[in-house]
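Participant: Please work out how this folds:
(one chain, ligands or ions: 1)
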Amino acid sequence: MSVFNATPGTMPANTTFRPPSVAQVEVAGFWGARVDAVASRTADILYDRCVEARMLEQIDPDVPSPGVVIPFHSMSPTGNEFTGATVTTQMFWDSDWGKTIETAAYSLYRRRNDELERKIDAVIDLFGKLQQEDGYLSSWYQRIQPGLRWTNLRDCHELYCAGHLIEGAVAYFQATGKRKLLDIMCRFADHIGEMFGAEAGKRKGYCGHEEIELALVKLGRVTGQRKYLELARYFVDQRGQQPHYFDEEARARGADPKDYHFKTYEYNQSHKPVREQDKVVGHAVRAMYLYAGMADIAAEFADDSLRTALERLWNDLTSKNLYVTGGLGPSAANEGFTSDYDLPNETAYAETCASVALVFWASRMLGVGPNRRYADVMEQALYNGSISGLSLDGSRFFYENPLESRGRHNRWKWHRCPCCPPNIGRMVASIGTYIYGLGERAVAVHLYGDSSIRFEVEGREVVLTQGSRYPWDGAVSIKFDMDRPLRFKLHLRVPGWCPRAQLTVNGEGVDVEDALADGYVTLDREWEGTDVIRLDLDMPARRIYANPRVRQDAGRVALARGPIVYCVEEVDNPEPLHSLVLPSATSIEAVEAPDLLGGVVTLSGQAVADRSSDWGDTLYRSARPVREQTMVRAVPYFAWDNRQPGEMRVWLRDEP
Ligand SMILES: [Zn+2]
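Facilitator: Residues are numbered from 1 along each chain as shown. I've put the predicted structure just below:
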């Protein structure tokens with residue numbers, strides 16, 4: 001815990017806005033409690049569960065290999081035999097270590113944890129011991145299936161694992177100043193660069209599960225080495241080109257390219273070159289990681305052709321394929337997208353990782369400058385479909401995030417495919433990097449909440465402090481601490497959900513409507529330490545209706561207030577929840593509930609419910625159910641299933 005600022009990259013940045021480092025931002029209030037849960041519980045739990053799953057044995061060259069602990073997803077025709085076409089989640093274990101290291105790294109900023117740091121150091125030592133002379137590093141291909149490396153990029157996550165270890169290495173270096181894992185991963189990245197690329201003799205491949213692209217950009221930025229950015233760009237550019245690498249690779253290992261579990265390369269977004277893609281397709285997490293990597297490359301290389309494709313994809317996602325919770329990927333079959341406007345509630349897959357990855361993508365779309373189009377969706381995914389994946393105390397997890405449950409969908413301790421727990425852990429623990437954006441003489445406030453950021457203008461330090469009870473209250477105050485007046489731009493987001501915003505600087509009103517561009521107000525002036533900015537965002541409870549093309553939400557209404565989407569739970573309401581009807585005339589009241597679910601605002605109002613008690617054994621009858629008056633109480637969706645198990649639904653029956 002010595003070095004707070006990473007060695008800044010020496011590369012010129014084409015990006016106009018970059019996220020601050022985790023160390024530059026301190027959070028309190030809503031996010032402070034979430035970060036504390038991760039730093040004080042989740043980070044240790046992730047390590048412990050990895051050990052319990054026998055991941056430590058897999059990376060330790062001095063102990064016998066644990067062998068295959070998790071059965072293969074698909075067997076060879078002859079039985080329980082590994083072939084190049086079979087897959088087990090055990091192949092991804094290096095990625096779980098990578099994300100666990102990353103979560104631990106960010107958590108160390110919040111809370112010293114010498115014991116965890118020692119354990120992570122020991123894990124890093126094992127990876128160091130495991131690494132081959134030529135730089136190659138994969139616990140699966142070295143310990144369980146030697147001889148098969150680089151034979152199945154389509155299915156086996158080899159470069160994906162490298163990517164997550166790179167991200168872990170960058171974060172751990174930034175948090176602790178320790179270079180060991182960073183050096184290990186630079187050697188591996190160099191080896192990957194020798195194996196893959198446009199040059200003659202190199203493989204023309206890329207990973208079936210995107211991740212290495214955005215990881216190499218992080219590595220390039222932290223080391224100042226442009227070659228890592230070039231390699232990331234190669235992987236992005238090569239994806240979906242003909243002849244198709246995954247076809248050729250399958251033939252090379254004696255397999256029929258058509259013998260592919262997921263049938264189409266839309267599954268891994270390699271069905272066509274990325275610049276020609278215009279629909280979000282396939283596995284949702286893969287898609288989001290790819291687009292995040294593309295956004296990085298678009299920014300680093302000022303590549304407008306990538307940017308154009310990304311805007312099309314963004315539009316497709318947000319106008320046809322996104323849950324109101326910021327969840328995405330409705331289908332369990334492909335862990336991803338199906339068809340436009342297909343957003344089932346009870347069977348929604350909406351993997352925690354997918355919402356987390358949408359936050360990654362959205363934040364990178366803000367790299368060219370503040371724009372509410374991206375920040376609003378980042379906020380939607382942050383406050384709803386992503387953090388729903390972590391219990392309030394930081395100890396239990398969701399993989400799927402349905403919008404409706406009959407009471408059987410409950411948080412678990414661990415999963416045989418444990419991708420989500422460390423993903424939500426690392427996102428929450430690095431929340432400060434999403435709240436602000438830093439540009440040349442400019443700071444953007446993308447998200448509101450009790451927090452402060454340190455940054456420099458003309459070599460002088462400025463501390464910007466926000467005071468706010470957001471997301472429960474829309475009043476925000478902003479102050480600066482600096483030793484002399486400094487000129488810079490302050491960009492303040494006015495969320496799309498906000499019907500009325502009032503802004504004053506030192507008591508003087510600013511015409512928000514007039515000043516608004518891309519959903520942000522820009523204040524460009526010389527700031528002083530005595531300046532006080534006040535922003536008041538009206539935050540009424542509101543009803544949300546879905547596009548009538550969404551058949552699953554027809555005749556239904558959802559409730560929201562500010563960035564928070566609400567749900568009703570059985571513990572607070574008469575069951576069954578599908579009997580509840582919310583008349584449009586009902587006024588919805590926001591009620592502070594400081595002792596509920598860690599302190600939330602609930603929404604309540606008069607509703608009616610279909611009575612079933614007078615039906616006896618009758619299954620069908622000609623008379624409509626009798627309606628009775630009742631109250632409905634809704635709680636934030638992210639906090640559901642933190643009390644006794646029971647029914648839950650986001651979309652209620654609506655009545656004009
Ligand atoms: Zn996941």
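
Participant: Show the contacting residues for Tyr160.
Facilitator: Phe92, Ser95, Cys207, Gly208, His209, Glu210, Glu211, Ile212 (Cβ atoms under 8 Å, 6 or more residues apart in numbering). Where C-beta positions appear, they are placed from N, C-alpha and C, glycine not excepted.

Participant: likewise Gly394?
Facilitator: Ala37, Val38, Ser40, Arg41, Thr42, Ile45.

Participant: how close does it sit to Arg179?
Facilitator: Gly394 sits 29 Å away from Arg179 when distances are taken as Cβ to Cβ, to the nearest Å.

Participant: picking that back up, may I see the PyMOL selection of the buried members of the contacts of Gly394?
Facilitator: Entered in PyMOL, the line below selects the buried ones among the contacts of Gly394, by 16 or more other Cβ atoms under 10 Å:
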select buried, resi 37+38+41+42+45
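
Participant: Just the contacts of Gly394: which are in helices?
Facilitator: Taking DSSP state H, the ones among the contacts of Gly394 that sit in helices are Ala37, Ile45.

Participant: can you put the contacts of Gly394 in TSV and add pLDDT and distance to Val27?
Facilitator: Formatted as TSV, the contacts of Gly394 follow (pLDDT from 0 to 100; distance: Cβ to Cβ, whole Å):
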residue	pLDDT	distance to Val27
Ala37	98	12
Val38	98	12
Ser40	98	14
Arg41	98	17
Thr42	98	16
Ile45	98	21
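
Participant: I figured Phe638 hits Leu382, correct?
Facilitator: No - using Cβ atoms under 8 Å, Phe638 is not in contact with Leu382, being 9.3 Å away.

Participant: of these two, who's got more company?
Facilitator: Taking other Cβ atoms under 10 Å, Phe638 and Leu382 do not tie; Leu382 has more neighbours (28 against 25).

Participant: which residues sit in contact with Leu535?
Facilitator: Neighbouring residues of Leu535 by Cβ under 8 Å, 6+ apart: Tyr448, Ala475, Val476, Ser477, Ile478, Leu492, Ala501, Gln502, Leu503.

Participant: And it, how close does it get to the ion?
Facilitator: If you measure Leu535 against the ion using Cβ to the ion, to the nearest Å, the figure is 35 Å.

Participant: per-residue confidence averaged over the host helix or strand of that residue?
Facilitator: Taking DSSP states H and E as the definition, one finds Leu535 inside strand 532-537. Taken as a whole, strand 532-537 has an average pLDDT of 98.

Participant: I'd like the next helix or strand past it.
Facilitator: Counting by DSSP H and E, the next helix or strand C-terminal to strand 532-537 is strand 541-544.

Participant: Strand partners (parallel or antiparallel) of that following strand?
Facilitator: strand 556-561 (antiparallel) (DSSP bridges).

Participant: helices or strands next to the helix or strand following the strand it pairs with in the packing?
Facilitator: Per DSSP H and E, the first helix or strand lying C-terminal to strand 556-561 is strand 564-569. Here strand 564-569 touches strand 556-561, strand 627-636, strand 648-649, going by 3 or more Cβ pairs under 8 Å, 6 or more residues apart in numbering; DSSP states H and E.

Participant: so how far is the last one off the chain centroid?
Facilitator: In this view, strand 648-649 has its centroid 23 Å away from the chain centroid, taken as Cα atoms, centre = their mean, to the nearest Å.

Participant: Residues touching stretch 574-584, excluding its own?
Facilitator: Contacts of stretch 574-584 (Cβ under 8 Å, 6+ apart): 543, 557, 568, 570, 573, 605-612, 625, 627, 630, 632, 646-649, 652-656.

Participant: hmm, stretch 288-306 in reach of the ion?
Facilitator: No - using Cβ under 5 Å from the ion, stretch 288-306 stays clear of the ion, with a minimum separation of 11.1 Å.

Participant: quick check: mean pLDDT across that stretch?
Facilitator: Here the average pLDDT along stretch 288-306 is 95.

Participant: Go through it and flag the buried ones.
Facilitator: Judged by neighbour count (16+ other Cβ under 10 Å), stretch 288-306 contains these buried residues: 288-300, 303, 306.

Participant: Just name the most buried of the helices and strands packed on strand 564-569.
Facilitator: strand 648-649 (a mean of 26; mean count of other Cβ atoms under 10 Å).

Participant: Please pick the buried ones from the contacts of Tyr160.
Facilitator: Members of these classed as buried by 16+ other Cβ under 10 Å are Phe92, Ser95, Cys207, Gly208, His209, Glu210, Glu211, Ile212.

Participant: contacting residues for Asp473?
Facilitator: Met539.

Participant: right, I mislabeled it, should have said Pro418
Facilitator: Counting by Cβ under 8 Å, 6+ apart, Pro418 touches Arg49, Cys50, Ala53, Asp96.

Participant: so it, which of the three states?
Facilitator: Per DSSP: H, G, I helix; E, B strand; the rest coil, the secondary structure class of Pro418 is coil.

Participant: Kindly report the same for the one 10 residues further on.
Facilitator: Secondary structure of Val428, reduced to three states by three-state DSSP: helix.

Participant: what helix or strand does His261 sit in?
Facilitator: Per DSSP H and E, there is no helix or strand for His261.

Participant: Next, format the helices and strands packed on strand 564-569 as a markdown table and append mean pLDDT.
Facilitator: Below are those laid out as a markdown table (pLDDT from 0 to 100):
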| stretch | mean pLDDT |
| --- | --- |
| strand 556-561 | 98 |
| strand 627-636 | 97 |
| strand 648-649 | 98 |
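
Participant: Who are the packing partners of the helix or strand containing Arg233?
Facilitator: Element membership of Arg233, judged by DSSP H and E, is helix 226-238. Packing contacts for helix 226-238, counted by 3+ Cβ pairs under 8 Å, 6+ apart, involve helix 180-195, helix 212-223, helix 284-300.

Participant: picking up where we left off before, intersect the buried ones among the contacts of Tyr160 with the contacts of the ion.
Facilitator: Okay, of these, nothing touches the ion (Cβ under 5 Å from the ion).

Participant: Out of those, name the ones that lie in strands.
Facilitator: Of those, none are assigned to strands by DSSP state E.

Participant: Now Ser391: closest residue in space that isn't a chain neighbour?
Facilitator: Using Cβ to Cβ, 6 or more residues apart in numbering and skipping the chain neighbours, the partner closest in space to Ser391 is Arg411 (5.3 Å).

Participant: Please tell me how far the one you found sits from Ala634.
Facilitator: In terms of Cβ to Cβ, Arg411 sits 20 Å off from Ala634.

Participant: Contacts for the worst-scoring helix or strand of the chain on mean pLDDT next, please.
Facilitator: When each helix and strand of the chain is scored by mean pLDDT, DSSP states H and E, helix 512-515 comes last, with a mean of 92. The contact list for helix 512-515 (Cβ under 8 Å, 6+ apart) reads Val494, Ala501, Gln502, Leu503, Val521, Thr522.
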